[in-house]
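*Asks:* Take a look and give me a structure for this.
(5 chains)
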Amino acid sequence: MSRFRHTLIGRLARDPLAVMAIVIIAALVVMAVFADLIAPYDYTAMHMTDRFAAPSAEFWLGTDNLGRDTFSRLLQGGRIALTVGLTAVIISGLIGLVLGMIAGFGPRWLDNALLFFFDTLRAYPTIILALALAALMPRGLTTVIVVVVITSFAEYGRVVRTQTLSLKHSEFILAERAMGASFGRIVFHHILPNVLGPFFILAAMNLPVVITIEAGMSFLGVGVPPGTPSWGSTLKDGFDHIRQTPWLILAGGLPLILVTLGFTFLGEALRDQLDPKLRSGR
Amino acid sequence: MTNTLTVKDLSVSYDTRTGALQALRNVSIDVPAGEIVGVVGESGCGKSTLIGALLSLLSENAHVVGGEIRLAGEDILRASPRRLQAIRGNEMSVVFQDPMTSLNPVLSIGRQMRDIQYRERISDAEKSRRAAAMLGRVGLPDPEAKLHAYPHELSGGMRQRVAIAMAALMEPKLLIADEPTTALDATLEVQIIELLKEIQREIGCAILFISHHLGVIAELCDRMVVMYAGEAVEEGPVAEVFQRPAHPYTAKLIECDPGRLHERVEALPAIPGSLPDLTDPPAGCIFRDRCDMATEICAREAPPRVTVTPGRWSACHHAKAVRP
Amino acid sequence: MIQYTIQRVALALGIVFVAISALYGVMIALPGDPTSVLLGPRATPDMRALFREQMGLDDPLAVQILNFWGRVLSGDLGTDFFRNRPVAVAVMSALPHTVALVFGAIFWSATLGILLGAFSADRRNSLLDRVTGVISVAFIAAPSFVVALYSLLLFSVTLRWFPSIGAGEPGDLLSRIQHLVLPSLAIGLAWVGYVARIVRASMLEAMGESYIRTARAFGLPRRRVVYNYALRVAILPAVQVLGVGIGGMLSSAVFAEIVFSRPGIGTLIYTSVSDRNYPVVMGAMLVAIGFFVTCALIADLINAALDPRHRKTQ
Amino acid sequence: MPKTAMHRAFPVLNRRQLLAGAAGVSAAAMLPVKAWAQEGRLNIRVYTEPDDFDPVDASGFGEALLYGAIYRNLIQYESGDEWSYRLDLAESIEQTSDTTIEFTLKEGQMWSDGYGEITAEDVAFTFERILDPEMNSRILPDVGTLSRVEVTGRYSGVFHFDEAFAPFWWIALPYLAGTIVCKAAIEDAGGRITTEVPPTVSGPYRVRELRPGERWVLERNEDYTGDIPAEYERLDIVYIGDEASAEIALEAGDLDFTEVSPGSVTRLQSNPPAGTAMSMHPSLFYVWVGMNMEHPKLQDIRVRQALQYAINVNAIIEAAWYGVAEPSTGIIAPGLIGNRPESLIPPQGDPQRARELLAEAGVENLQVTLNVLNDVTFTTAAQVMQATMAQAGIQLNIEVHESGSFWTLGVEADGDRWRDLEMIMNRFSMLPDPSYATAWFVTEQIGDWNWERFSDEEFDRLHREAGTETDDARRDEMYRRAQDIMEESGAYRFITHGVTPNLFYNNTVPGTRPDGLPLAQYFRRA
Amino acid sequence: MTSDALLELKDVTVEFPGVRGLRALTAPPEARRVQAVSGISLRVEHGETLALVGESGSGKTTLARAINGLVPLARGEVWFDGQPLHARPDWHAVRRRVAMMFQDPVGSLSPRKTVRELILEPFAIHGVRVKDRKTRARDLLAAAGLGPDFLDRYPHQLSGGQARRVGVARALALDPALVLADEPTAGLDVSIQGEILNLMNRVKREHGLTTLIITHNLNILRHIADRVAVMYLGRIVEIGPVEQLLSTPAHPYTRALMAANPEPDPTARRERIVLGGETPALSARPPGCEFHPRCPVARPDCATCPPALAPARTGGEVSCHYPLGSDERIGA
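*Replies:* Numbers count the residues shown, from 1 in each chain, chains lettered A, B, ... in the order given. Now for the predicted structure:
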């Protein structure tokens, strides 16, 4: 018990913000995983006589322009959001991790070159780059993920680089070198575990951003194919039919807001717990 | 003789997840007017909590559990926030340990020195003039130009001189110096000690000088208080305490300082053991676990303050038996 | 500082050059071609060929890119395929609207965000702080197009407090501002939350710094210490974030401009990408990225200016 | 942004009386408080941004609306429910032979700003500019076989054609290509007017200001000499690409007239915003789903027929047009020569038949990709198709394109994508003469606009012969047969001709063409 | 060429980049490189303990790092046990025999490793098989004076003294020939300091270690060092046996440094030699004798002519034109 209190999870469990975050995230994950069991309707079923229905006992969150049950679609959309989010965050995180560590460890010219590369990528307004890239590829989840990865790995790269640079000159790394530790050992045993903390914080905070990019792309019609029940396409349908039903936008926006709340608070709680400067209650 | 500062039975606790950490327990310290009183103690002895309490700048999770702090007779623990503000910087000021971080990095020296004169109804130019004069007094060359400088543009020694100038600017009754030389090189440490002496002579203030460095205390102070694990264990004139310590901890501490030993020794003295857990301090004497004089009474009863000679006491059951 | 400035400007120019050249390659690689869209179905093959030749669409990519930069350096952004007008005219007539929008958003995020953040930090861990925290994150979470739509429905359609479309009458400042309020708020709201979180965090950090304790120890009033000393330091990261955030705001501007039917760089790029109107896309992106890089640069320099520690070093 | 391109490309026109439906909705409430618009000012929404002020570069409806207000033609469309034109600059104009049209101008018709009288020189200059290859005019195709304009007097002249070109009356003279420009002003300007505010105008309004990406601010032209003077002190042509936004802007009082989406019709009819009215107009365009006959998956006619049967047109119209449009029987709208009373395959389709056909062809688990434009109507239609085709065991993938990508899908000159093209949902606008509908589907259009790569000798022959046939009954039969051939090929499934609902404040009497598109110069106060 | 000393340095110089970027184009060439360590030659005999003393910025830490290759040499030779370390040696092998202890006891321990992992790390690094890892770790820890209950702690759960003991245990794990100890008492309370120094002295004796200790704590010199080298601005200004240096310093800087050290004896208060000013920046070395601007006994030629290290009358070597004689005892 007392050991548990000192583990990260134990500490998180005593932070109300973290608990709220975890509850939200857990609820979303459960709903996404068991979407098929929870959903009252087939998410593709069109109830043409009940188009644009307002929330009711029959349709909890109303229906869309084709009379499809919004709640069932949002559940399904959770799967897509989490798939896109996790896949994109993992891929871009890994790319960023590798490039960032290369930049942090590499010679100065390579560091500068990579930094320049990161800055150049970050110079593009995300959605505009997404527009151009999305046109290059067939519409679909893969495209969305690729676009999101391209627009977001630079951020990881920068953070990991900074972190690596500061660790590289820290005393314990010098100590390892002085003991004759190999480069690989230093990187994998000593730098990596210490980079992962800030990295996971960034990833947690980045996940909702990624999901919102998907929503934005779908909103502009360059995201997932029509009919795919992503939150973004629900928002897009809501926008197209805003005068017929205001519920669709609300319903589509709600999970986005919840995801952001959940992951942002989780990220902040993680940061509070991982950053010793903030942890001591001085 | 009047005391500029009287701390009486001060107790401070912190709320922590594992319970109340009793950082200060019944600490009493007297700082007579015009004297330099050293507080010596190792890490964990409660020095920073003491300063926080004196300045009423304890962190949110700290409470003063009991006792009183009087500055020139005025009870500052019960003073209004407005009054406290008036006292701080005016009647009581402080020099912190690290001049690198205790000066605001984004404001010029002049701005910071003008700001602390905010109560004075004088023009900014006059404030700057005063500031420059004080910078000159602490030995900064070209003080007018320094007003426009930022802390990072000055060397460590200069910065600490600026910090002292700020503390002395309002000619306070009490100057608290929190390890002001620890972050400095030896040759600078001497400069700062000399400067503090000078300032004390000029302003005539009392100085509460906090340090873990026995040499500095011996060099500078008139009286000293020894603290251990949140308690003041001994107080008295510096010469007497060093010569005839009346508390085993003081004796051990002095013994441990290798600067005292002028011949090479094979084994340096040390105090074995470690600090007790302050969330659950042991009954009786706080030092008894590390004390080789401890007897059965030490485990049972908290030691009383034994007056050794007038103006000198020790919190030890065996105060009279302590040998240096 | 001068050296720092020169280095930063050189870097910024490099970024713009590489970013735009790469984008040119991507645009050319896009499927589709403006010729058919532009000339319509009854165009003869001869007309198409002539058009492609006039626009230099048949040159090798590298030549096209070089030509593009050559033209840009001589002050010519090319000619709009569809409107026979200089791209510079199209871009420059759109730019002020987007700039106004972005600066409007920055205004909101800077004022509201810093206020909320400082307020929150000042009362840390109070109920108000928690509520402010949840509100800020909710602000961050609400996609700008959702905010745009609802503010449009509420304030324009239902309440009729603010106009629903356009950018206002030229020369009429009041009308311009009235037209700016909702769209800039829609973009800025997320940043209000973001800035509030950052300011709060860095305020708390600053308030733990020893120089803040020094200021308190010298009897400076709490309020003055919090809002003058700590905030001054805590604003620095917010300035930096807003500078970089302009990229994100440009993205959101696309949505706000569509929803509020405002002219601007965002919609210009969006429609031009759709139409494969390459010269306009390139010109507008050049200006957009240039604007972003400039703002990020200015934010850096402001930061350096506000933080004297930067001035000498680097 | 959607559907801009083809409107530019195919101006809509029809001389026949058409179904005319004005579903005016009386307003219960009083006039709304117009918070942002001012008195004496009219705001008309246009869904595509006018390109520029020079008719030689004009290509779309945006310009048509603008030019109607600021320029004049020899003849112009009449506002109303029937396609007709009235004389504008022309005192008289008539077809004097298969290859000549003679005209006489009214005297005393003036250019603004001291550019003098409008003469036959201006008319000739206007058309010769379009014919000039140097200009690379985008509307050159609209003047067809025109060879030159002969000036026979200050006020008279003759159009000469290489061969008969009847559509000249409908797509050139009253429309973009027929917009008369001022020779002197254009020569002064160096050949083109482009985006600078034109130095002289002739219409009831003049340009006060151009705000690119936002609006064109027009004001009364005091020098106007025609007979439909400006009604408003100020007339704004407001560019709003998106219909939902336009509808909101109208409700917010920032617009006086806009087209709305079919989806809004029910709501607007049952619960109209205060002080507004709605009108409905039949459209002329034709929407169909095409199949690339050369694609390996679709080479077997039974597969194509299966797809035809699998598509439920009624469901598409119900979903995407909210039931306010009618299923079409082909590419020629009702009321036109060649309109088929019904299609061979019933609108509701027949999934069972589709399954049988697929089984015959030995195809299992058919997966096809449908390409559509990024437009809510088409994407909705595609989703319904996806659902209904699933009943026939066909999996439909939807590929959405923005205009630049979509309009080059099947064009051989623009890459290799035509090879992989499977199905497209497409919309072409319609011309009055049925030959304009069949023209895009002949063999020689393969690789240009015949993306189905449909090739049939009989069809080609019918198209050719019907173009010169003078007997309406014979033509009617020939065009019906042509559409039968299209349908029999399996490459086409016809969907609808659509509908145009307009929403406006009832203190305004809109001027519109029979198909509902606005004619700014005819707008009047109620 | 070989040397019979365990460690011999010849003219060791370490440079860091000075002015960077655009300004470097206009800066004088010498400003582009800053010498942190400048032409140092010294010998450390087998079993000897040499202390390097000096104030911050004197280059003592850099020198230690240069010895085991953590910073590159700009010039000079380093011989370790007859092996040239300046000629791209196999550092992996060298570092097995040259252990290093860093200044920050906690900060030099990898924060996400347990004490057990930290202690056994040298074996892992050098591929030394350990039969019973647990016993080995416990023994090492016990040798450093810590109980087995520390094995599963993380560095941030250790006090400075405990962390320092872990550092000592780790440094000695592979029986090195040379230990480079950078400020072994920094950040430790006096009551702990003695234990750590006793521990170091004990293992030194037991293992016959040769030690190079870097410190600014003059009080401990007498008890740990055989010889002392005093550094100022990256150069050795005086070197000699510890007793001689403490009693009869020959260099004015050494004397000032010794005198600046407050003694814990109130009766010993005296007038000090208070040096004016502060140590100049490495990029702005004064001409001539680099100490002359602060030197209380400087004469005009000190400002122009740089002195060299030469045998002093008092024993040892000193780099001063006018070294103090043996009669000028401190405090006399």
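*Asks:* For residue B:11, the count of nearby residues, please.
*Replies:* Residues near residue B:11, counting by other CB atoms under 10 Å in any protein chain shown, number 18. Bear in mind the C-beta positions are built from the backbone N, C-alpha and C, glycine included.
*Asks:* Likewise for residue D:238?
*Replies:* With other CB under 10 Å as criterion, residue D:238 counts 23.
*Asks:* Need the phi and psi values for residue D:427.
*Replies:* phi -140, psi 120 (degrees, to the nearest 10).
*Asks:* where are the low-confidence patches of chain C?
*Replies:* Residues of chain C that meet the criterion pLDDT under 70 lie in C:1, C:31-44, C:55, C:309-314.
*Asks:* Would you map out the domains in it?
*Replies:* C:2-87, C:88-306 (automatic domain parsing).
*Asks:* which residues touch the residue nearest to residue B:276 when sequence neighbours are not counted?
*Replies:* Leaving out its chain neighbours, the residue that sits closest to residue B:276 by CB to CB, 6 or more residues apart in numbering or on different chains is residue B:282, at 5.6 Å. With contact taken as CB atoms under 8 Å, 6 or more residues apart in numbering or on different chains, residue B:282 is in contact with B:276, B:288-289, B:299.
*Asks:* among the helices and strands of chain E, which has the poorest mean pLDDT?
*Replies:* Every helix and strand of chain E was ranked by mean pLDDT, DSSP states H and E. The lowest is helix E:23-26, at a mean of 64.
*Asks:* Below-threshold pLDDT in the stretch 1-150 of chain A: ranges please.
*Replies:* If you take pLDDT under 70 as the line, the stretch 1-150 of chain A has these spans: A:1-8.
*Asks:* Which residues of it lie near chain D?
*Replies:* The stretch 1-150 of chain A comes close to chain D at residues A:44, A:46, A:48, A:65-66, A:135, A:138-139, as judged by CB under 8 Å from any CB of the partner chain.
*Asks:* Hmm, residue A:20 is touching residue A:263, no?
*Replies:* No. In this structure, residue A:20 is not within contact of residue A:263 by CB atoms under 8 Å, at 11.8 Å.
*Asks:* which one is the residue of the stretch 251-400 of chain D found nearest chain B nearest to, not counting chain neighbours?
*Replies:* Nearest to chain B, among the residues of the stretch 251-400 of chain D, is residue D:252, at 46.7 Å (CB to the nearest CB). Spatially, and ignoring its direct neighbours in sequence, residue D:252 is nearest to residue C:164 (3.7 Å; CB to CB, 6+ apart).
*Asks:* mind checking the SS state of that neighbour?
*Replies:* With DSSP: H, G, I helix; E, B strand; the rest coil as the basis, residue C:164 sits in coil.
*Asks:* Can you tell me what sits against the lowest-mean-pLDDT helix or strand in chain B?
*Replies:* None of the helices or strands of chain B scores lower by mean pLDDT, DSSP H and E than helix B:99-102, at a mean of 82. Outside helix B:99-102, the residues that touch it by CB under 8 Å, 6+ apart are B:96, B:151, B:156, B:159-160, B:162-163, B:183, C:209-211, C:213-214.
*Asks:* ditto for stretch E:64-76
*Replies:* A:174, A:177-178, E:7, E:9-15, E:33, E:35, E:37, E:39-41, E:52, E:62, E:78, E:80, E:85-86, E:89, E:91, E:94-95, E:98, E:100, E:180, E:182, E:212, E:214.
*Asks:* do the same with stretch D:246-255
*Replies:* Identification of contacts with stretch D:246-255 by CB under 8 Å, 6+ apart yields A:242-243, C:152-153, C:156-157, C:160, C:163-166, C:261, D:32-37, D:43-45, D:47, D:238, D:240, D:256-261, D:264, D:273, D:276, D:503-505.
*Asks:* returning to that earlier point: can you tell me which of the domains of chain C is nearest to residue D:201?
*Replies:* Nearest to residue D:201, of all those, is domain C:2-87, at 18.8 Å by CB to CB.
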